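Asks: Requesting a structural model of the entry that follows:
(chains A and B)
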Amino acid sequence: MKKSWVLIVSCLVIGLVFSPSAWCKSKTIKIGINAPMTGDIPKVGEGTKFAAQMWLEDVKKAGGLKVGDKTYKVELVIEDNESKAESAVKAATKMIVEDEVLAIVGPQASKQAVPAGAVCNSYRTPMISPWSTNPDTTKGRPFVFRGCFLDPFQGPVLANFITQEFHFSKAAVLYDVASDYPKGLAEFFKEAWEKLHGTGSVVAYESFTTKDTDFSSQLTKIIRSGAEVLFTPQYYNEVALIVQQAHELGWNKPIVGSDSWGSAETVALCGKDCYGLFFSTHYAAAGATGATKTFIDRYKEKYGYVPDDVGALTWDSMRIVQRAIENCGNITGKIEKDRQCVRDALAKIKAFDGITGKMTFTEEGDPLKCAVVVRISDKGEFEFYKSVCP
Amino acid sequence: MTFFFQNLINALQWGSFYALIALGYSMVYGVLMLFNFAHGDIFMVGAYIGFGVATGLVALTSMGALALPNWLILVLTILISMFLTSFVGMIVERVGYRPLRDAPRASAAITGLMIGIILETGNLALLGAQRISFPALVQSTTYNLGGVFVTNKKIMIVLFSIALMYALHLFVRKTRWGMAMRAMAFDYVVVPLLGVPINNIARMTFAIGSALAAVAGIFFGVAYPVLDPYMGIIFGWKAFVAAILGGRGSILGACLAGFLLGFIEIFVAMIFPSTLRDFIAYSIILLILTFRPHGFFGEPYSARLSL
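Replies: Residues are numbered from 1 along each chain as shown, chains lettered A, B, ... in the order given. Next comes the predicted model:
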């Protein structure tokens, strides 16, 4: 008698476990956040999390997300991808299969966004990467979107900017060959520069691998090559080391960077060595107006520092997802159908007015938007210098 | 020619780190016949302890509680961190290796790897994943010697490292404790029977190795002021290569091989495309080991701590 009870109870429990929809069919929309909380770029993960939580706060204040005539509770599922490609894939799969999220925001860096995009696309789950600028992230993947411009756009922006600003014709490039983003951008920059100044005008094209800390041999080579400017599309931890070592080896010409420099940590780690340098990015915090300023002030008051571009782009991406869910109009509770509906709504978004500029999505899932060239001021702030539109 | 000298100086600095860390591997192997695979992470811990001590001293100075010039802060940081990190080394020995002294060598190697992971993730839990910026204790001054750029940091790092290696050499050669270490290296089964306290010697070996790793960690912070919890892994591997290349258990060998490794890496990047640096550099080392399987100063089938 006792045994049969155990049997019945365990059968019931198993039944419950394997039919999650039976007990969580409440009106909750789950949104996944795939962010690098640990690993090489934890500051990026922190910015992502903070911006997402601020968004959630707003939604909660409004009583939930209103779709059609029903209001849904929203829940964030935040997974750490350890800044690794394989962990980003794992995190995406877990959120899609186990947590049954409606859409995923992140990963941020292209190194994780490219492989995670493949997973989301094959599971037919909409994903939007706020910060990944490598074209491969969205290419041929109808379910993958992004919140920023692309490297084939950013490369020429920088090449043109350096040519117009300094009238240089010989450039050097130093990049991490083991990471998708720097490698892609280095190639696009080289191509654009050589188009402007002829083949061979990139006089030094040097690389290293992730986790290297000594760049003295590459920099010595670059200095000897007679380059007039150094372009290095690296993340903040490497930027500090590269810039300082270049100065110690006698390099006193300009060093130019890309949107990966735009972290709140760059100046903290690099110090005075980085003052006066230029990089291209998505928005400039110093001198912002309107909704952008409201966001910056709120973020600063809450977390104690000026949000970097990752925070701003994540905020925009969260709101794009929100807009898409609202536009979708009808959440059925059947996750596959809802995901398809959100994807279709995402692809149809026109002239979205974000805090990092106006954007309209193309067929590939990439927005058309402007880039900003920023100068690191003598106080270590990111100052708006120039805006470049496609 | 200036190009060559510039690279030479870069290589000297880079090699000093490998040499200082390789010494720790080599000494422990010489005395206990095991590779302390946690050594790269002890280097990381040393750098973080150095960061903590330096930040504390800088804060006390700026608050006016102490009036220390920067050079004195650096010296105190090095001394205090060597002292504290040697305790970390002794704890690692007591917890990780002593209970396994009679276990198969493979088990001891695994413990090393596990302690390494514990130190990394422990640090991650304690301080978070955020990069830490090492305080700028040495105001960087660049000297231009006829086209070759040298900073005061580089000079200090290279000279101080060589001085430490020489001090270790004197210790091993001239003192009773050094003699005991050499005797243990000669035969670690019989020598304890003759009254040499094996536990004390083991503890001391770990302490010295860890203190050297702490110095390497602080110098690393001075030269490359961005610290992260995983910085010791690749460094540890490469210094381990240097220890093997120098000849297992050989102090002089570990020093020379450390510098040689630095030279090979820098000069390979000088001649070939930098993408191929580690590929070519470690192929060369594989080749050297093929012809000298016991390293430069190692002897076949013995693990003598020689000089």
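
Asks: Run through the residues that contact the residue nearest the centre of chain A.
Replies: By Cα atoms, centre = their mean, the mean C-alpha position of chain A lies nearest to A:W131, the distance being 1.7 Å. Listed by Cβ atoms under 8 Å, 6 or more residues apart in numbering or on different chains, the contact partners of A:W131 are A:44, A:108-109, A:113, A:147-148, A:259, A:309-310, A:313-314. In this view, the C-beta of every residue, glycine as well, is placed from N, C-alpha and C.

Asks: cool, and A:K60?
Replies: Applying Cβ under 8 Å, 6+ apart, the residues contacting A:K60 are A:V74.

Asks: Would you agree it falls within a helix?
Replies: Yes: checked against DSSP: H, G, I helix; E, B strand; the rest coil, A:K60 lies within a helix.

Asks: tell me the SS of B:L286?
Replies: What three-state DSSP gives for B:L286 is helix.

Asks: And it, how far from A:I349?
Replies: 55 Å (Cβ to Cβ, to the nearest Å).

Asks: cool, and A:G184?
Replies: Taking Cβ to Cβ, one finds A:G184 at 25 Å from A:I349.

Asks: quick one: which of those two has more around it?
Replies: A:G184 (23 against 16; other Cβ atoms under 10 Å in any protein chain shown).

Asks: Do me a favour and average the pLDDT over whichever strand or helix holds A:E238.
Replies: Remark: A:E238 resides in helix A:236-248, with elements defined by DSSP states H and E. Averaged over helix A:236-248, pLDDT sits at 92.

Asks: and that helix, what does it pack onto?
Replies: In terms of contacts (3 or more Cβ pairs under 8 Å, 6 or more residues apart in numbering or on different chains; DSSP states H and E), helix A:236-248 is packed against helix A:216-224, strand A:255-257, helix A:265-270, strand B:226-227.

Asks: Quick check: neighbours of the shortest one in the sheet, parallel or antiparallel?
Replies: Within its sheet, strand B:226-227 is paired with strand B:132-133 (antiparallel), according to DSSP bridges.

Asks: which residues are contacting the following helix or strand past the partner strand?
Replies: Beyond strand B:132-133 on the C-terminal side, the first helix or strand identified by DSSP H and E is strand B:142-145. For strand B:142-145, contacts defined as Cβ under 8 Å, 6+ apart pick out A:247-248, A:250, B:149-152.

Asks: Strand B:142-145 - what's its average pLDDT?
Replies: So the average pLDDT for strand B:142-145 ends up being 88.

Asks: So which residues of the stretch 1-150 of chain B form helices?
Replies: B:2-32, B:39-63, B:70-92, B:105-127 (DSSP state H, counting those that start in this stretch).

Asks: For the first one, what is the distance to the chain centroid?
Replies: By that I understand helix B:2-32. 8 Å (Cα atoms, centre = their mean, to the nearest Å).

Asks: residue ranges with poor pLDDT in the stretch 201-307 of chain B?
Replies: B:299-307 (pLDDT under 70).

Asks: For it, which residues are neighbours of chain A?
Replies: With Cβ under 8 Å from any Cβ of the partner chain as the criterion, the stretch 201-307 of chain B meets chain A at residues B:220, B:224-226, B:228, B:230-231, B:234, B:265-267, B:269-270, B:273-275, B:277-278.

Asks: Identify the farthest-apart pair in the contacts of A:W131.
Replies: Using Cβ to Cβ, these reach their maximum pairwise distance at A:A113 and A:D309, which is 15.1 Å.

Asks: between these two, which one's more packed in?
Replies: For the pair A:A113 and A:D309, the greater number of neighbours falls to A:A113 (33 against 27), based on other Cβ under 10 Å.

Asks: Let me see the contact set for that one.
Replies: A:88, A:106-107, A:129, A:131-132, A:134, A:137, A:146.

Asks: now those in CSV, with pLDDT and secondary structure?
Replies: As requested, those are exported to CSV (pLDDT from 0 to 100; DSSP: H, G, I helix; E, B strand; the rest coil):
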residue, pLDDT, secondary structure
A:A88, 94, helix
A:G106, 85, coil
A:P107, 93, coil
A:S129, 94, strand
A:W131, 90, coil
A:S132, 90, coil
A:N134, 88, coil
A:T137, 91, helix
A:R146, 91, strand
